[in-house]
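In: have a look at this prediction, sequence included:
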Amino acid sequence: MEIRGTARKSSRTKDLVKQLQPGEIAIINHPDLDQVAAESLIKAHVRLVVNASPSTTGRYPNQGPMLLSKAGIPILDAVGIDCFNALPETTELQIKAGRIYRQGELVGEGVILTPERIKAATEEAKKNLNHELDKFIQNTLEYALREKDLVLGELKLPPLRTTMDKKQVLVVVRGQNYREDLRIILPYIREVKPVLIGVDGGADALTEFGLKPHLIIGDMDSVSDQALCSGAELVVHAYPDGRAPGLERIQRLNLEAVTFPAPGTSEDLALILAYEKGADLIVAVGTHSNMIDFLEKGRPGMASTFLVRLKVGSILVDARGVSKLYHSRIKGGQIFMICLAAFLPLILVLSLNKFFWDWLRLLWLKLRLLLKI
């Protein structure tokens, strides 16, 4: 395999995909490449992914490498941090037989991940799941004691202009299969018109479908300026001690926001806000709810999410995976019945018209003459 082209690098894959142009080479430092990152690289139409870290470390069976492979995007894996640091943010590269050349000079080399290699690494990682699960449970229990204020009502909620009392609320996170699930519930959104909450990049997920978020909550590190400037109310997730790094970005954009100091994840806070503000029903899209989800986010446990779902579960509907459960398809028989229903009135009207019957008789006579019957 030999590939030449423009390469761009960033240690944050979600930032890099915003800069990449179709056909370029993506240089990342992303151990255990996750599904959402892989999907964003596929959407960017990259030609090749060069990963400084192992795309599968063996901790758990991550899905990112296989998704890229199925999309026909090769991965040059584990080229090393020295190679990553030696390359400028934008440069021209030549990749040949697993080696990276810049201006004719060898700067690094790695392993081309074939589908067979990826499958073998995934199967090996599955054997480590019990060990990771044990650590995950221990961390979850430990942090649950620290984060219990999330469900005991001892958090100070920020004042909001957005009203959720006795309304249905849709919380969108840019998680696994969020596009497919959001697409399948569009009829619900258009009919019910729920309050739309985008969690960080979830706000961009809403705008992708022509929807305007009413409220955006998060660290503000993975949401676009366009979404932030859409007119949505902004809530910056702050640390429990009040520090809110994301507020600086809001101020640079000359926008207003309130802060919400709390432990846990931003999607947890979105669910808590909707619940405490009197939502009648909460529908969640793309949220994280299992061990693999949290390992892919780099979190050692899911204490806050466990506690929050324990509290809001009575009004929470998780739309995750609904796209796999139900596909709306029009069958051939249904098309025939629709056509029949459309033509029946026309046939009825024509049957009452004398000119129509005269035309049919004339047509029959012509056919008899042509066929000599």
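Out: Thanks, I have the structure now.
In: contacts for stretch 188-198?
Out: Applying Cβ atoms under 8 Å, 6 or more residues apart in numbering, the contact partners of stretch 188-198 are 162-164, 167-172, 204-206, 211-217, 223, 227, 232, 270, 273-274, 279, 281, 283. Using the backbone N, CA and C atoms, a C-beta is placed for each residue, glycine as well.
In: buried stuff in it?
Out: Residues 189, 194-198 are the ones in stretch 188-198 that count as buried (16 or more other Cβ atoms under 10 Å).
In: TSV please, covering the residues you listed and showing secondary structure and pLDDT.
Out: As requested, the buried residues of stretch 188-198 are arranged in TSV below (DSSP: H, G, I helix; E, B strand; the rest coil; pLDDT from 0 to 100):
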residue	secondary structure	pLDDT
189	helix	94
194	coil	96
195	strand	97
196	strand	97
197	strand	97
198	strand	96
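In: from these, pick the one nearest residue 86.
Out: Sorting those by how near they are to residue 86, with Cβ to Cβ, puts residue 198 at the top with 37.9 Å.
In: run through the bridge partners of the closest one.
Out: Beta-bridge partners recorded for residue 198 (DSSP bridges): residue 172, residue 216.
In: before we move on, the earlier item: between the buried residues of stretch 188-198, which is closest to residue 7?
Out: For the buried residues of stretch 188-198, the nearest to residue 7 is residue 198 (31.6 Å; Cβ to Cβ).
In: which one among the buried residues of stretch 188-198 gets closest to residue 72?
Out: residue 198 (31.2 Å).
In: follow-up on the earlier one: which of the contacts of stretch 188-198 fall within helices?
Out: 204-206, 227, 270, 273-274 (DSSP state H).
In: let me know the closest of these to residue 130.
Out: residue 270 (32.0 Å).
In: per-residue confidence for the closest one?
Out: Listed pLDDT for residue 270 reads 94.
In: same check, this time on residue 203
Out: Confidence at residue 203, expressed as pLDDT, is 95.
In: got it, and residue 186?
Out: Value listed for residue 186 in the pLDDT field: 93.
In: one more: residue 159?
Out: On the pLDDT scale, residue 159 gets 93.
In: how near is it to residue 317?
Out: In this view, residue 159 and residue 317 are 27 Å apart by Cβ to Cβ, to the nearest Å.
In: neighbour count for these two, which is higher?
Out: residue 317 (12 against 5; other Cβ atoms under 10 Å).
In: how about low-confidence regions in the stretch 1-150 of the chain?
Out: Applying pLDDT under 70 to the stretch 1-150 of the chain flags residues 143, 149-150.
In: can you check the stretch 201-350 of the chain too?
Out: For the stretch 201-350 of the chain (pLDDT under 70), the answer is 289-303, 321-350.
In: quick one: the helices in it?
Out: According to DSSP state H, counting those that start in this stretch, the stretch 201-350 of the chain carries its helices in the segments 202-208, 225-228, 246-252, 266-276, 291-296, 303-312, 322-325, 332-351.
In: can you tell me what sits against the third one?
Out: The one in question is helix 246-252. 218-221, 228, 234, 236-238, 256-257, 259.
In: tell me, how many residues neighbour the spatially closest residue to residue 157 that is not a sequence neighbour?
Out: Excluding its sequence neighbours, the residue lying closest to residue 157 (Cβ to Cβ, 6 or more residues apart in numbering) is residue 276, at 5.7 Å. Burial measure for residue 276: 14 neighbouring residues, criterion other Cβ under 10 Å.
In: any idea how far residue 276 is from residue 259?
Out: Where residue 259 is concerned, residue 276 sits at a distance of 16 Å (Cβ to Cβ).
In: next one: residue 242
Out: Counting by Cβ to Cβ, the gap from residue 242 to residue 259 is 7 Å.
In: over to residue 216?
Out: To residue 259, residue 216 is 13 Å away according to Cβ to Cβ.
In: now do the shared contacts for the two.
Out: With Cβ under 8 Å, 6+ apart, residue 216 and residue 259 have common neighbours residue 235.
In: those two - which one has more neighbours?
Out: residue 216 (29 against 18).
In: check contacts around the spatially most central residue of the chain.
Out: Most central in the chain under Cα atoms, centre = their mean is residue 174, positioned 3.6 Å from the mean C-alpha point. The contact partners of residue 174, taken as Cβ under 8 Å, 6+ apart, are 36, 199-202, 204-205, 222, 286.
In: quick one: which of those residues is most hemmed in?
Out: For the contacts of residue 174, the largest number of neighbours (other Cβ under 10 Å) sits with residue 199, at 33 neighbours.
In: just confirm that one contacts residue 170, I think it does.
Out: No - look at residue 199 against residue 170 with Cβ atoms under 8 Å: they stay out of range, at 11.1 Å.
In: dihedrals phi and psi, residue 287?
Out: Dihedral pair for residue 287: phi -70, psi 160, per degrees, to the nearest 10.
In: for it, list the residues it contacts.
Out: Counting by Cβ under 8 Å, 6+ apart, residue 287 has contacts 171, 173, 175, 267, 271, 318, 320.
In: would you list the residues you listed in JSON lines and tack on neighbour count and distance to residue 80?
Out: Listed next are the contacts of residue 287 as JSON lines, based on neighbours: other Cβ atoms under 10 Å; distance: Cβ to Cβ, whole Å:
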{"residue": "171", "neighbour count": "28", "distance to residue 80": "40"}
{"residue": "173", "neighbour count": "25", "distance to residue 80": "33"}
{"residue": "175", "neighbour count": "25", "distance to residue 80": "30"}
{"residue": "267", "neighbour count": "28", "distance to residue 80": "34"}
{"residue": "271", "neighbour count": "28", "distance to residue 80": "41"}
{"residue": "318", "neighbour count": "17", "distance to residue 80": "40"}
{"residue": "320", "neighbour count": "21", "distance to residue 80": "36"}
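In: residue 9: neighbouring residues, count only.
Out: 20.
In: make 407 the first number, not 1, from now on.
Out: Taking 407 as the first residue, the last one we looked at is residue 415.
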